[in-house]
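Student: Sequence first, predicted coordinates after that:
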Amino acid sequence: MKGRFPLSACAFALAALFSAHSTAANSPTYTASDKAVDIAQQTIIVDGHIDVPYRVKEQWVDVTKATDGGDFDYPRAVKGGLNAPFMSIYVPASLDNSPESTQLAHELIDSVEAIVARAPDKFAIAKSPSEVKAHFEQGIISLPMGMENGSPIQGDLANLKAFYERGIRYITLAHSQANHISDSSYDLRRKWKGLSPFGKSLVGEMNNIGIMLDISHVSDDAFYQVIELTNTPVIASHSSLRRFTPGFERNMDDDMIKKLGENGGVIMINFGSSFVSKEAGQWRTGLTNARKALIKKEGEDSPKLENFEEEYRKKVPYPYSTLDEVLDHIDHVVSLVGVEHVGIGSDYDGVGDSLPIGLKDVASFPNLVQGLLDRNYSESDIKKILSGNLLRVWQQVEDYAAAH
């Protein structure tokens, strides 16, 4: 699209609504102390969800070196102390129920293997907590893998085994639509009223083979069914709290957090602003409605759609959340169920230009540590949040599988 498009009165109202938040969001500056940097460098940091594989599929870059765009590359990971980012093997819901979904998953795993092959002195695939710890001692960044969307399983347990052997260590059961396993929080049809019959059996199969169950993206009913069926703790690899984003089912409510705590699981906080603050979610709704209005007026072929979001942002500034608001999510989980049940699932390279002030890329983890120190978290509790909690769950899942 070239040229500007007219914004509705609704958009200007949204601009007024968000102006105060945007001003506040742009005012903080965050500086990490030597102590915070030291903790980040000397602690294993696990990030439950980074979308590097799909990023390099869409536009190839060599993340073993510094890159101009994106949120992750080797130099920034080293600077931030990030040494165990779960690479997301993301398969779009549009490929559900097709052989292409399985094919794409294998291709994305190939891409992670290619990163390691290009720089074996920098990266190594990790298939267990013990490998993560060994790589950390060697000064190598671990690349464990999780599958976002269970569609590639295609109802075939042979695929589950194949993906396990290739290194998949968690599976997000669904994505933006119901698939053959589970309903999605984004899909209002509620095809299965939770898990499908195959999905219910898959819970036990994942327990037995040693793959963590990831309940990010699934419907509330599916979450509660997973909790009832599983014999191991589960994770939410990249979810935040509905308390701060009312009506956003993709996040977890307080009752779900309490159930997750009883299960021994971990919620890994998503950094995307729409996951963190209600204002960002409302902005996204405003963008969607403005786009729909333009399509209704001018049709789906309108040249004004080409750079629609870019132009919309000029008129209605995006209300970025802040590091402090991310910390509020962590605090709330701790107040509900304790520090043993919260971790980090940034969604770097997956949420576009929506990251909070103070957490703009993987070099920012010392800022997060500083924020936790400022809120009087002990060093031992900070280490639990950065990696200890997730590594505990992963080990428990491994131990259960070994015994079965």
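Tutor: Yep, it's here. Remember, predicted model here, so these are calculated numbers, not experimental data. Residues are numbered from 1 along each chain as shown.
Student: Would you map the strands across the stretch 151-300 of the chain?
Tutor: 168-172, 212-214, 235-236, 266-269 (DSSP state E, counting those that start in this stretch).
Student: The stretch 1-150 of the chain now?
Tutor: Using DSSP E, counting those that start in this stretch, strands in the stretch 1-150 of the chain cover 46-50, 84-90, 123-124, 141-142, 145-148.
Student: between those, which gets nearest to L391?
Tutor: Of all the strands of the stretch 1-150 of the chain, it is strand 46-50 that lies closest to L391, at 6.6 Å by Cβ to Cβ. Every residue, glycine included, has its C-beta placed from N, CA and C.
Student: tilt between that closest one and strand 168-172?
Tutor: Going by axes from the mean of the first three to the mean of the last three Cα atoms, to 10 degrees, strand 46-50 is angled at 60 degrees with respect to strand 168-172.
Student: which residues touch strand 46-50?
Tutor: Under the contact criterion Cβ atoms under 8 Å, 6 or more residues apart in numbering, strand 46-50 has outside partners 71-72, 82, 84-88, 132, 146, 148, 216, 235, 237-238, 268, 270, 343-350, 362, 386-387, 390-391.
Student: Next, the angle from that strand to strand 84-90.
Tutor: 20 degrees.
Student: Give me the distance from strand 46-50 to the chain's centre.
Tutor: Its chain's average C-alpha position is 7 Å from that of strand 46-50, according to Cα atoms, centre = their mean, to the nearest Å.
Student: And the residue nearest to T102 when sequence neighbours are not counted, how close does it get to N159?
Tutor: Distance criterion Cβ to Cβ, 6 or more residues apart in numbering; nearest residue to T102, sequence neighbours excluded, is P152 at 4.3 Å. Going from P152 to N159 by Cβ to Cβ, to the nearest Å gives 6 Å.
Student: Neighbour count for those two, which is higher?
Tutor: Between P152 and N159, counting by other Cβ atoms under 10 Å, P152 is the more crowded of the two (28 against 16).
Student: Compute the number of surrounding residues for the closest residue to H106 other than its chain neighbours.
Tutor: Nearest non-adjacent residue to H106, counting by Cβ to Cβ, 6+ apart: R166, 7.5 Å away. Counted by other Cβ under 10 Å, the residues lying close to R166 total 18.
Student: T29 now?
Tutor: Close neighbours of T29, defined as other Cβ under 10 Å, add up to 8.
Student: What separation is there between it and L95?
Tutor: From T29 to L95 the distance is 42 Å (Cβ to Cβ).
Student: Any buried residues in stretch 323-337, and which?
Tutor: 323-334, 336-337 (16 or more other Cβ atoms under 10 Å).
Student: can you name the two of the residues you listed that are farthest apart?
Tutor: Farthest pair in these (Cβ to Cβ) is L323 and V337. Separation: 22.3 Å.
Student: sorry, back to before: okay, and the common contacts of P152 and N159?
Tutor: Common contacts of P152 and N159 (Cβ under 8 Å, 6+ apart): T102.
Student: For I357, grab phi and psi.
Tutor: Main-chain torsions, I357, degrees, to the nearest 10: phi -60, psi 130.
Student: What's the local residue count around it?
Tutor: So I357, with other Cβ under 10 Å, has 21 neighbours.
Student: any idea how far N367 is from it?
Tutor: Counting by Cβ to Cβ, the gap from I357 to N367 is 10 Å.
Student: For S240, list the residues it contacts.
Tutor: Taking Cβ under 8 Å, 6+ apart, one finds 251-252, 267, 269-270, 275-276, 329 in contact with S240.
Student: at 6 Å instead, please
Tutor: Residues in contact with S240 (Cβ atoms under 6 Å, 6 or more residues apart in numbering) are 251, 269-270, 275-276, 329.
Student: Now those in CSV, please, with extra columns for pLDDT and distance to Q225.
Tutor: Shown next, in CSV, are the contacts of S240 (pLDDT from 0 to 100; distance: Cβ to Cβ, whole Å):
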residue, pLDDT, distance to Q225
N251, 98, 19
I269, 98, 24
N270, 98, 22
F275, 98, 23
V276, 98, 27
H329, 98, 25
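Student: Mind picking the one among those residues that's closest to R375?
Tutor: The shortest approach to R375 among those belongs to H329, at 12.1 Å (Cβ to Cβ).
Student: residue contacts, that closest one?
Tutor: Contacts here follow Cβ under 6 Å, 6+ apart; on that basis H329 touches 240-241, 269.
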